[in-house]
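Participant: Provide a 3D model corresponding to the input given below.
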Amino acid sequence: MFRPTVASSFPATVAFAMGVMLQLIILIIIPSTVVVEAHTKTIPADSSKLDEWIGHNMKEYNDRKTNETGIKALDRRLAEAEDCVQLITVRKDGRGNFSTITEAIDSIPSGNRRRVVVWIGGGVYREKITIDASKPFVTLYGQKGKRPMITFDGTASEFGTVKSATVAVESDYFVAVNLTFVNSAPMPELGGTGGQAVAMRISGDKAAFHGCHFIGFQDTLCDDRGRHFFKDCYVQGTVDFIFGNGKSLYLKTTINSVAEGTGVITAQAREDATDESGFTFAYCNITGTGDTYLGRAWKERTRVVFAYTYMGTLINTEGWSDKMHGSQPRKSMYYGEYKCKGPGATPSGRVKYARILSDVEAKAFLSMTYIHGNKWLLPPPDLSLSPSKPNIFH
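Facilitator: Numbering: from 1, shown residues only. Sure, this is the predicted structure:
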C-alpha cells in the first residue's frame, strides 16, 4: 500500500423466543452500521468510574471460567488455550530458554492450541519478527521495570509498507504487555517516497496490548485488520501513524505527534458500507508538535471517533481532512467527536462533515461490545510466583 509522504512536520414457543430476544439483544442501529446491545454498559462519563468499568469488562480467566456462562462465556477456543499455559523465557544474557525473541517464536509449533507466554528480559533486541497465522495464542510479556525494546529499521522502499514492520502479528489471540516496538528508520524527507516505516503491524483478530509503546515517524502502527484493544499505551509518529482497517478500541492511550510541519494521526481504511471497522479513542491524551489533523480519509468510508479525549494545541482547527495528499476529496467519511477537552477540541472551525456526536450516536462506539471484547478480552497474565520463590519476572 502506497500513501505519499506529507510534510512531516476505526404460539408459546414463539412468544418465549421473542421475549428472550427482546431482553438480551435489543439493538440500537445508527446509519454508520455500528450496533450495540441495549443492556451493555458504556464507558462512563465520570472518569473516576473508569477503572471499575474496566475491571467489570476484563475479569480474570479463572473467575470467568467458573461464573460466566451463555452469552457471557469466553470464546471456546480461547478458554481451551488458557487452560494449558506454557511459559518460556528470553534473556539477552543467555540465562533464559532463549537469547532472542525470534528463537522463542520459532519454538512454538504451527497449529499451536495453548497459550504460550514469552517472557522477555530487559534490553534492546534488534530483530525483525513475524508471528504467522499458524501460531495463535502468543503473549509477549516484557519485564516489569525494565521495558524491553524491539527495534529494526525497515522501510517501504526496501520491504513495502506492510512488510516493513519491526514486529508483524498475523495470528489470532495475540497479547503484548510492557514492550516498546520501534522502527528506527529516519524521519522521511519532505516530498520523498518510500520512507514509511512500521513499528508494529497487527493483522490477527482478538488482540490486546497493555502498557506498550509504539515509536516511529510515518506509519508507526499498522492496525491492519481484526478486533483489537489498546490500554495504557503510547503511540508516537508524524503522518498516518495509526492506520489500517482494524476495528479497535484505544483506551487511556497517549498519542504523541513529533511532526515538524503537517501531522496526521489516523488514516483509517474502511471502504465498504457493510464493513464494521473503525477506530475509537476514549480517555486518550493527544500531545506533541506540528499542525496536526486527527485523521485524513485514506479510503472512501474511513471511520474514526474520539471521546473523552484531551486534545492539545497542536490539533488543527479544522480537525479532519477529507482527502489524502494530492487526491480527490472523499464523500462518505465518519469522523466523530464526543465530549473531548483541551484547546484542540473546540468545535468551532471544524470541517462541516465532522460530527459532534449525541449521546445516542456515541453509545455504539463506547462499549466493549464494539470489539466483541466480552467474549475474548482478558487482563494481562499474572506471572507472580509463590512467596517462597523469587520472582524472576519482576
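
Participant: show me the contacts for residue 79.
Facilitator: Residues near residue 79 by Cβ atoms under 8 Å, 6 or more residues apart in numbering: 61, 65, 73. Backbone N, C-alpha and C define where each C-beta goes, glycine included.

Participant: ok, now with 7 Å
Facilitator: residue 65 (Cβ atoms under 7 Å, 6 or more residues apart in numbering).

Participant: separation between it and residue 66?
Facilitator: 12 Å (Cβ to Cβ, to the nearest Å).

Participant: with residue 327 instead?
Facilitator: Computed as Cβ to Cβ, the residue 327 to residue 66 distance reads 53 Å.

Participant: now residue 245
Facilitator: In terms of Cβ to Cβ, residue 245 sits 37 Å off from residue 66.

Participant: more neighbours: the two, which one.
Facilitator: residue 245 (23 against 9; other Cβ atoms under 10 Å).

Participant: what's the neighbour count on the closest residue to that one other than its chain neighbours?
Facilitator: The shortest distance from residue 245 to any non-neighbouring residue, by Cβ to Cβ, 6 or more residues apart in numbering, is to residue 269 (3.9 Å). Residues lying near residue 269 (other Cβ under 10 Å) number 24.

Participant: give me the pLDDT for residue 269.
Facilitator: Each residue has a pLDDT score; the one for residue 269 is 88.

Participant: isn't it right up against residue 246?
Facilitator: No. Look at residue 269 against residue 246 with Cβ atoms under 7 Å: they stay out of range, at 8.6 Å.

Participant: what is in contact with those two at once?
Facilitator: Residues touching both residue 269 and residue 246 (Cβ under 7 Å, 6+ apart): there are none.

Participant: as a check, name the ranges of all helices in the stretch 51-200 of the chain.
Facilitator: Ranges of helices within the stretch 51-200 of the chain are 61-67, 76-82, 101-106, 156-159, based on DSSP state H, counting those that start in this stretch.

Participant: lowest mean pLDDT across the ones you listed, which one is that?
Facilitator: Lowest mean pLDDT within the helices of the stretch 51-200 of the chain: helix 61-67, at a mean of 78.

Participant: got the CA positions of it in CSV?
Facilitator: C-alpha atoms of helix 61-67 as CSV (Å, rounded to 0.1, in the frame of the first residue of the first chain):
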residue,chain,number,x,y,z
TYR,A,61,-9.8,-16.1,33.4
ASN,A,62,-10.5,-18.3,36.4
ASP,A,63,-13.3,-16.1,37.6
ARG,A,64,-14.9,-16.0,34.2
LYS,A,65,-14.4,-19.8,33.7
THR,A,66,-16.2,-20.5,37.0
ASN,A,67,-19.0,-18.0,37.0
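
Participant: quick check: buried residues in that helix?
Facilitator: By 16 or more other Cβ atoms under 10 Å, the buried positions in helix 61-67 come out as 61, 64.

Participant: give me the residues contacting that helix.
Facilitator: Contacts of helix 61-67 with the rest of the structure, by Cβ under 7 Å, 6+ apart, involve 74, 79, 82, 378.

Participant: the first one against residue 374, yeah?
Facilitator: To tie it back to what came earlier, the one meant is residue 74. No. Applying Cβ under 7 Å, one finds residue 74 not in contact with residue 374, separated by 8.9 Å.

Participant: ok, back up a step: now the residue nearest to residue 245: how far from residue 75?
Facilitator: As for residue 269, its distance to residue 75 is 26 Å (criterion: Cβ to Cβ).
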